[in-house]
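[1] quick one, fold the following:
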Amino acid sequence: MKIRILLIMVTLLMISTSCNKVLDVQSSRVVGETNMWNKVADATTGLDGVFGLARAALNDNCRHWIYGDLRAIQGMGGDFRSVNRLDLRAVTTNQLKATYPLVDALSNWTKFYAVINAANIFLERAPNILKTDATYLPSDLKLDVANVRAIRAFIYFYMVRIWGDVPLIITSHDGQFDNKPRESQKNVLTFVESELLAVIPNVPIVYNSTPLQPEQPRAGVLFYNIYQEWEPVKKAAAYAVLAHVYAWEGKYADAAICAKWVINNMYLSSIMGKEQLVFSPIDAVRQMFRGESGNNQYQILLGFSHNGVNGESTTNGALEELTLAAPYITSKALPAIYMPKDTVLSIFNEANDTRFYLNPLLNQPASDRYFGAFDRTYPIFTKVFILNANPPLNTTSGPGSDGSIATFSSSTVFSRPEDMELLLAEADAVLGNTTEAITYLNAARVNRGLLAYDATKNGTLIDAIFAERRKELMGEGQRWYDLIRYKKIKNNDPAFNTMINNGGIYWPIAQSVLSENPLLVQNPYWN
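    Model (predicted):
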């Protein structure tokens, strides 16, 4: 396994540096060598490259969480704070041109375009394998292409939410890209929509043990079922991304259709071959972050794992790097980020919430499912807690170890069933389908030990839905984007809505990127 991972990492380096002048990526043509793209193993390696680079892009410098959780600006609905790091504090105060290496790195989209480049190369070169390797069937290519197109579409949507207008590059030009200007996000999202709609018919609802071509062991679904380096794209994953795209655009009727499809058709194939619709009990949520295989697979619609069994644990790039500290990691006195106690208590203000609830008699949390060490100045966010420590964790009693040498292996989750359930409630509420919206909201609330929605206690329906999303998806990179949609719907926060209208919700483009491509212009808000 370690040899295989080493080969994959070498291939990732080759793919990510395979083009010359891809906006700001300087490299040489390596993937175009004649010994590549002529056998079935090359398709497998190419898929590894696309998925691996996507995971690396989201986890580099903890991007996914800094973009989505930390940037929810304090004073404007932000939850997490920096303890003592000025670069992280700059993000929470929207000082995104501050001269910190981290802030500059987060303004650079190079790693995302490495994914795009790898995907473009795969889509252009993989069909050649059909001519040179009879074991690679048209059905294999069809499924592989669908997976790559889905990831490419997802990455473009991800970039649009960060930078707004971005260059749209869908061909490799044999590794010789010309500089391109930024394309309007409307056009980019139109492309994303069309790609996902094209992918959906070509990916299955469930990857099971039945091959598309029984006489060929590599064929389609069987290959994807036994290959555990990454989780392939299912119909539910494509619909989940599409639902978010439509919600971002304010196309709530379309968002509702997509989210409802997921809710009505999200199945898992069990060991016994039976299918069942599943929503996560609260204790399964933490387990979900352990990876996307076995019994946890159903809980993630789209995500990227760091499977510790496969040697994919990391010392950096995971949320735990920012949130964990003593007493869970004794070598680290304070976390990099935390949530103030008054913020926690204002969010989790209902009795018997199984995620977090302060027992009024004992003045102690009922559990550490979301927060631990709550008696300390800086509570520890423990919802995402996949820690591999030396000495090993005491797994019989939950988190606990001296944590002298810690590595993390939590999955990076983009969407899961509860996300779709609450996004559907949001869409129905905006569309005026009040009864349906309350039904989905109540289903989510009851599953976490809460009473049914009561307008006198929980506020307007939209407020209650977004409050539930804030609690349920905390620490999953959703908060900033939820906040933008919420402010657009409510339209009652002049300062925030002015920031939306002026492009202040986007990141500036790194100066190094602008210098490499004279056709690019900075986001006007940051000039």
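
[2] low pLDDT regions in the stretch 251-400 of the chain?
    267-278, 291-298, 307-315, 388-400 (pLDDT under 70).

[3] how about the helices in it?
    Along the stretch 251-400 of the chain, counting by DSSP state H, counting those that start in this stretch, helices occupy 252-265, 282-288, 319-323, 341-347.

[4] okay if I get the ones you listed as CSV plus distance to I438 and mean neighbour count?
    Heads up, the C-betas are built off the backbone N, CA and C, glycines and all. Below are those laid out as CSV (distance: least, C-beta to C-beta, whole Å; neighbours: other C-beta atoms under 10 Å):
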stretch, distance to I438, mean neighbour count
helix 252-265, 14, 20
helix 282-288, 22, 17
helix 319-323, 32, 25
helix 341-347, 21, 14
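
[5] adding distance to A429, write those out as CSV.
    Output for the helices of the stretch 251-400 of the chain, formatted as CSV (distance: least, C-beta to C-beta, whole Å):
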stretch, distance to A429
helix 252-265, 9
helix 282-288, 24
helix 319-323, 29
helix 341-347, 20
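
[6] what comes up buried for stretch 439-450?
    Neighbour counts using 16 or more other C-beta atoms under 10 Å place Y440, L441, N442, A443, A444, R445, N447, R448, L450 of stretch 439-450 among the buried residues.

[7] which one of those is nearest F374?
    Set against F374, the nearest of the buried residues of stretch 439-450 by C-beta to C-beta is R448 (18.7 Å).

[8] show me where the stretch 1-150 of the chain has its strands.
    Under the criterion DSSP state E, counting those that start in this stretch, the stretch 1-150 of the chain carries strands at the ranges 81-82.

[9] can you pull the poorly scored residue ranges out of it?
    1-35.

[10] could you report the neighbour count for D144?
    Counted with other C-beta atoms under 10 Å, residues neighbouring D144 total 26.

[11] again with Y100
    Y100 has 18 neighbouring residues, counting by other C-beta under 10 Å.

[12] what's near enough to touch it?
    Applying C-beta atoms under 8 Å, 6 or more residues apart in numbering to Y100 gives the contacts L86, D87, A90.

[13] mark which of those residues are buried, thanks.
    Those of the contacts of Y100 that meet the buried threshold are D87, A90, by 16+ other C-beta under 10 Å.

[14] neighbouring contacts of stretch 486-495?
    For stretch 486-495, the external contacting residues (C-beta under 8 Å, 6+ apart) are M76, G77, G250, V430, I462, F466, F496, N497, I500.

[15] switch to 6 Å and redo it
    With contact meaning C-beta atoms under 6 Å, 6 or more residues apart in numbering, stretch 486-495 is reached by I462, F466, F496, N497.

[16] most neighbours among the residues you listed, which one is it?
    Per-residue neighbour counts (other C-beta under 10 Å) across the contacts of stretch 486-495 peak at F466, which has 25 neighbours.

[17] for that residue, give me the pLDDT.
    Each residue has a pLDDT score; the one for F466 is 98.

[18] now do it against V199, distance only.
    Distance, F466 to V199, using C-beta to C-beta, to the nearest Å: 29 Å.

[19] could you do I263 as well?
    Here the distance between I263 and V199 works out to 20 Å (C-beta to C-beta).

[20] over to Y486?
    Here Y486 is placed at a distance of 29 Å from V199 (C-beta to C-beta).

[21] who has more neighbours out of the two?
    Between Y486 and V199, V199 has the larger neighbour count (other C-beta under 10 Å), namely 24 against 20.

[22] helix, strand, or coil at that one?
    helix (DSSP: H, G, I helix; E, B strand; the rest coil).

[23] any chance of the backbone angles for the residue nearest the centre of the chain?
    Per C-alpha atoms, centre = their mean, the C-alpha nearest to the average position across the chain is that of F414, at 2.9 Å. Phi and psi for F414, reported as degrees, to the nearest 10, are phi -90, psi -40.

[24] what residues are up against it?
    L302, G303.

[25] ok so, going back, among the contacts of stretch 486-495, which are in helices?
    If you go by DSSP state H, those have I462, F466, F496, N497 in helices.

[26] who's in contact with the first one?
    Residues in contact with I462 (C-beta under 6 Å, 6+ apart) are A429, I489.

[27] rewinding a little: can you tell me which of the buried residues of stretch 439-450 end up in helices?
    Y440, L441, N442, A443, A444, R445.

[28] can you pull the pLDDT of the residue nearest to the second one when sequence neighbours are not counted?
    With C-beta to C-beta, 6 or more residues apart in numbering as the criterion, L441 has its nearest non-adjacent residue at 4.6 Å, and that residue is A425. If you check A425, the pLDDT there is 98.

[29] my guess is A425 contacts T435. True?
    No. In this structure A425 lies outside contact range of T435 using C-beta atoms under 6 Å: 11.2 Å.

[30] more neighbours, these two?
    Neighbours per residue, other C-beta under 10 Å: of A425 and T435, the larger number sits with A425, 30 against 7.

[31] give me the three-state assignment for that one.
    Following three-state DSSP, the label given to A425 is helix.

[32] residues in contact with it?
    Contact partners of A425, counting by C-beta under 6 Å, 6+ apart, are A437, Y440, L441, I465.

[33] pull the contacting residues for the third one.
    The reference is to L441. Residues near L441 by C-beta under 6 Å, 6+ apart: A425, Y453, I465.

[34] can I get these in a markdown table including distance to K186?
    Shown next, in a markdown table, are the contacts of L441 (distance: C-beta to C-beta, whole Å):
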| residue | distance to K186 |
| --- | --- |
| A425 | 26 |
| Y453 | 35 |
| I465 | 26 |
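
[35] and which of those is nearest A318?
    The nearest one, if we look at the contacts of L441 relative to A318 and count by C-beta to C-beta, is I465, at 29.0 Å.

[36] that closest one: neighbour count?
    Neighbour count for I465, taken as other C-beta under 10 Å: 30.

[37] hmm, E426 and it touching each other?
    Yes. Counting by C-beta under 6 Å, I465 touches E426, with 5.2 Å between them.

[38] what is in contact with those two at once?
    Joint contacts of I465 and E426 (C-beta under 6 Å, 6+ apart) do not exist.

[39] which parts of the stretch 1-150 of the chain are helices?
    Per DSSP H, counting those that start in this stretch, the stretch 1-150 of the chain carries helices over the ranges 2-16, 40-59, 63-65, 86-92, 101-106, 110-125, 129-132, 138-163.
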